[in-house]
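Visitor: with the input below, show me the fold.
(chains A and B)
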2 protein chains.
Amino acid sequence: MTFSRFDKYVDRHAQSFVERLQTLCRMPSVAARGTGMRAIAETVEQMMQRVGIGTRSQRVGNGYPIIYGECGSGPQSYLLYGHYDVQPVGHLSEWSVGPFAATILDGKLYARGAANSKGDLVARLAAVEAYQKTFGKLPVSLRFFVEGEDGLGSPSLYRFANDHPEMFAAEGCIWDEGYKDTKERPVISLGFKGIQFVELRAHGARADLHSKWGAIVPNPAWRLVQALATIMSPKGVITIDGFSSQIAPISAEDAEALKMIEIDEAGLKHEFRIGGWVRSLKGAALVKEHIFGPTCTICGIQTGHTEAGMKTILPSLAVARLDFRLVPDLTPPLIVELLRAHLDERGFKDIEIIELASAPLAKSSAQSTVARAVIQSATEVYGSTPLVYPMDPASGPVGAVCGASSPPTPVASFGISHAGSNPHGPDENIRLDDFLQNIRMIGRVINKLAETKSKTSGAAQVSGSHAGISQSGKHS
Amino acid sequence: MTFSRFDKYVDRHAQSFVERLQTLCRMPSVAARGTGMRAIAETVEQMMQRVGIGTRSQRVGNGYPIIYGECGSGPQSYLLYGHYDVQPVGHLSEWSVGPFAATILDGKLYARGAANSKGDLVARLAAVEAYQKTFGKLPVSLRFFVEGEDGLGSPSLYRFANDHPEMFAAEGCIWDEGYKDTKERPVISLGFKGIQFVELRAHGARADLHSKWGAIVPNPAWRLVQALATIMSPKGVITIDGFSSQIAPISAEDAEALKMIEIDEAGLKHEFRIGGWVRSLKGAALVKEHIFGPTCTICGIQTGHTEAGMKTILPSLAVARLDFRLVPDLTPPLIVELLRAHLDERGFKDIEIIELASAPLAKSSAQSTVARAVIQSATEVYGSTPLVYPMDPASGPVGAVCGASSPPTPVASFGISHAGSNPHGPDENIRLDDFLQNIRMIGRVINKLAETKSKTSGAAQVSGSHAGISQSGKHS
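Guide: Modelled structure (predicted):
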């Protein structure tokens, strides 16, 4: 099957596809703020209908709509996950352009959500359009689930999947996380680390006090610092009691997969402007740590006063947010249990732990139909062998989508980002060439999903409380 | 000399005095924000003129005006320090009333700056008015220095004192810090701890990154936490190398003075809503630590994202602000030197130290004329023996005012606050009864300053780089 007509269609309609993406990027759909969510959900639904996808907008309680969409037909059906909400903007002063202006500069489109992941959503819809216009009906059945609570831990999606498992039974699932690395190699993932996102709180006096009381009034900021210092060594090793012994050894298959992966250390250090890696890791050890290392990241600390204007106070409250990225066999509930016991054992019973969000890890085989279709298509379109991560270092509500049926549905993830896309940070951006190239790749994926036969069962694993009704499922 | 006419004058004009205070409190003079500073300086100058004080507004460079004022005459002259700027408001949500509405509720006036220290300034001017109206001319020469940069470290005042030391030569100085404790005992101070206020900064990647990089990209928040954890033990002991050996033993005179001081532990614990004190101190040990213990207070930490809306990021920068309150023989430069060496020794050379503000400590004898006048007046008016602190746990630009001449000028400090005034924090307030009672006390102080003869030299001490031209002198 030749794709020259498909590719020409993409070229001819490139401007239109980019404009659709700009339309979405100009809608500031920060789930945490909650403004404009209904409007963007309607726009997404219209965009899906425009390319011939039959849609149904689903709401769970007061949640933001999940746009369900169906198109194509065939003996096999595949799920596509997407989300229309975006991360908070952060400090506006760190942005070079307005985060919702969708400015195009030097072939890049800058916007909060361009990379994560409105660009992927628009690319997938564009590919469906191009496929139908050039080849006619899709040869497989595609089922889209586009949610608006990625930034809230996907509570509606978890509940919806729990209530309607039959809608999630499929041969495979395509996720929306992926990028080209600093050497322009596409990164494809066959799973995601789990996540447990928690807040620690230390309490002091009823209000901030004049710091002249510092000699005798307990300071919750010191308390929090002392507690935090016990859970990570200065060298960067997680020192929570019983944590490391719960980490499963890497399987032979995963060890083989790791051998094929290389991190462009110099390029990435330059991109991030850092002098070196944690524990001076390099080479294979660095790759292994990135993909199979658990994390405990301080995502934020806030206490007292640090703004312009000196104010010497003794804070009344100190708050830290930590995210743990989980590898086999770490589960979200286990992390909270270990952390609580660890703090208690060291006399920090007063430190409160609040669970903000969680998601189990998900892993599937490189032999599944969806994995093979994605890997082969990337190889064809990008002209270089993709880096196939057995597990992506990021996380998402894969448990909701792929864990709804038993056995779990195999997943493969790819996307339009590049190494400098900076999702979650300021100046989030995508390169328009990547966006268009990705549309061409998706056309091939659709085709191969119908052609490829699974060699094995496509064994997949979703660990932890998958598909449970919970406030879990932080995609990030 | 009977004060019944004086006291009656205060009673009859109470309403007017409170209204003057409300006028000042309704001017939001946060030095760090810089709006309305010229207007309040003019208002202060007019209020001083209204009570017969000859004024001169002084500006140093682009600084906020220092209002200098003179009144009275006599063989002895005394300095009175005040400031018209206020601390930043902090989180508005923590205030029960508008911080600049000067709302009166249940006999309390709530406003940022009411306690620290617009109330003291208005009370002193009111006392000058009442004294002249009832007794005629003041029997001593009073010289006011009212600055607007207390919240900025008083750079103009330091420079002004350095350039005009002759204006600061005096028999004694009255400061504006003091309060009634939880048992309604007035607290008088004969000096202030020094202060060194610094910011520590740890740097990471060029921007906040998606936290999926947490396994391999160094996190400045962890770096800062690890560095901080080395300078304070979990038990609350400062562990900076060489720090404790620089602390002078408490003199016999100070040890005697400490015996006369009691902290109302139950009352203060209730006021602050805390379960206990640092290291479970109590009794004499608690008093000693409060007054002669050095501090290292985390006044604030900021890194990453902790606002509403979950965002899992790896921060690019982590910032902590620490204030050290200094006792003999600790000096501001010594603190920075010790801290730098301590961090370097432990491999934290990358942690930046930024000096924000500093002030030397000041201590003077209880036998000075000004100390005796203040202590005797408080005893008369309050009907209970005041608690006389040889050194206040707070700090201020005493070095600028009292260290400008040699030997240093003895200082005595008292004020209108109460134990629940919460200066620097939300719902700052004063009790109107305290305000009026304090005016009555000031009348007696003025009288005694002319009567009392110093028994000794009134030995005073200002240590460190006193009166140097510097960005030092944080009053807080």
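
Visitor: which parts of the stretch 1-150 of chain A sit against chain B?
Guide: A:Val30, A:Ala31, A:Ala32, A:Arg33, A:Gln87, A:Pro88, A:Gly90, A:Glu94 (CB under 8 Å from any CB of the partner chain). Just so you know, the C-beta spots here come from the backbone N, C-alpha and C atoms, and that holds for glycine as well.

Visitor: tell me the SS of the residue nearest to A:Cys299 when sequence neighbours are not counted?
Guide: The shortest distance from A:Cys299 to any non-neighbouring residue, by CB to CB, 6 or more residues apart in numbering or on different chains, is to A:Arg321 (4.5 Å). Assigned state for A:Arg321: strand (three-state reduction, DSSP: H, G, I helix; E, B strand; the rest coil).

Visitor: which strand residues bridge A:Arg321?
Guide: A:Glu199, A:Gly300 (DSSP bridges).

Visitor: which ones are touching it?
Guide: A:197-200, A:298-301, A:356, B:304-306, B:310 (CB atoms under 8 Å, 6 or more residues apart in numbering or on different chains).

Visitor: which two of the residues of the stretch 1-150 of chain A next to chain B have the greatest separation?
Guide: With distances taken as CB to CB, the most widely separated pair in the residues of the stretch 1-150 of chain A next to chain B is A:Ala31 and A:Glu94, at 20.7 Å.

Visitor: higher neighbour count, these two?
Guide: A:Ala31 (24 against 14; other CB atoms under 10 Å in any protein chain shown).

Visitor: pretty sure that one is touching A:Tyr64, no?
Guide: Yes. Using CB atoms under 8 Å, A:Ala31 is in contact with A:Tyr64, at 6.7 Å.

Visitor: list residues touching both of the two?
Guide: With CB under 8 Å, 6+ apart as the test, A:Ala31 and A:Tyr64 both reach A:Met37, A:Asp85, A:Gly148, A:Glu149.

Visitor: list the ones among the residues you listed that fall in strands.
Guide: With strands taken from DSSP state E, there is no overlap with the shared contacts of A:Ala31 and A:Tyr64.

Visitor: so which of those is the closest to A:Ser280?
Guide: A:Asp85 (38.0 Å).

Visitor: could you find the closest non-adjacent residue to that closest one?
Guide: A:Ala31 (3.8 Å).

Visitor: do the same with A:Trp277
Guide: B:Ile216 (4.9 Å).

Visitor: cool, and A:Ala215?
Guide: B:Gly293 (3.8 Å).

Visitor: other SSEs contacting the helix or strand bottoming out on mean pLDDT in chain A?
Guide: Taking mean pLDDT, DSSP states H and E as the measure, the helix or strand of chain A with the lowest value is strand A:460-462, at a mean of 76. Other helices and strands packing on strand A:460-462, by 3 or more CB pairs under 8 Å, 6 or more residues apart in numbering or on different chains; DSSP states H and E, are strand A:362-364, helix A:398-402.

Visitor: for chain B, see how far away A:Val411 is.
Guide: 16 Å (CB to the nearest CB, to the nearest Å).

Visitor: quick one: the longest helix along chain A to chain centroid distance?
Guide: When chain A is parsed with DSSP state H, its longest helix is helix A:432-451. Distance of helix A:432-451 from the chain centroid (CA atoms, centre = their mean, to the nearest Å) equals 20 Å.

Visitor: that older thread, contacts for the least confident helix or strand of chain A, please.
Guide: A:191, A:328, A:360-365, A:368, A:398-399, A:402-403, A:407-411.

Visitor: and those, which of them are buried?
Guide: A:191, A:328, A:360-365, A:368, A:398-399, A:402-403, A:408-411 (16 or more other CB atoms under 10 Å in any protein chain shown).

Visitor: quick one, what contacts A:Asp323?
Guide: Contact analysis of A:Asp323 by CB under 8 Å, 6+ apart lists A:195-198, A:295-297, A:299, A:474, A:476, B:211, B:214, B:312.

Visitor: for it, give me the pLDDT.
Guide: We have a pLDDT of 96 for A:Asp323.

Visitor: can you tell me how far it sits from B:Gly304?
Guide: 10 Å (CB to CB, to the nearest Å).

Visitor: between the two, what contacts are shared?
Guide: Common neighbours of A:Asp323 and B:Gly304 (CB under 8 Å, 6+ apart) are A:Cys299.

Visitor: and the residue nearest to A:Trp277, how many neighbours?
Guide: 27.

Visitor: give me the pLDDT value at it.
Guide: If you check B:Ile216, the pLDDT there is 97.

Visitor: the one 4 residues further on now?
Guide: Residue-level confidence at B:Pro220 comes out at 98, pLDDT.

Visitor: quick one: it from B:Ser405, how far?
Guide: In terms of CB to CB, B:Pro220 sits 46 Å off from B:Ser405.

Visitor: give me the more crowded residue out of the two.
Guide: B:Pro220 (23 against 16).

Visitor: how near is the more buried one to chain A?
Guide: When B:Pro220 is compared with chain A (using CB to the nearest CB), they lie 9 Å apart.

Visitor: quick one: end-to-end length of stretch A:182-198, please.
Guide: Taking CA to CA, to the nearest Å, the first and last residues of stretch A:182-198 lie 32 Å apart.

Visitor: distance between that stretch and the chain's centre?
Guide: 7 Å.

Visitor: how about it and chain B, any contact?
Guide: Yes. Interface with chain B: stretch A:182-198 contributes A:Lys193, A:Ile195, A:Phe197 (CB under 8 Å from any CB).

Visitor: does the last one touch B:Thr312 like I think?
Guide: Yes. With the criterion set as CB under 8 Å, A:Phe197 and B:Thr312 qualify as a contacting pair; they are 6.2 Å apart.

Visitor: from the contacts of A:Asp323, which is closest to B:Ser245?
Guide: A:Cys296 (36.7 Å).

Visitor: phi first, then psi, for A:Gly113.
Guide: The phi/psi pair for A:Gly113 (degrees, to the nearest 10) reads phi 100, psi -10.

Visitor: could you do the one 3 residues further on as well?
Guide: Summarising the backbone geometry of A:Asn116 under the convention degrees, to the nearest 10, its torsions are phi -130, psi 90.
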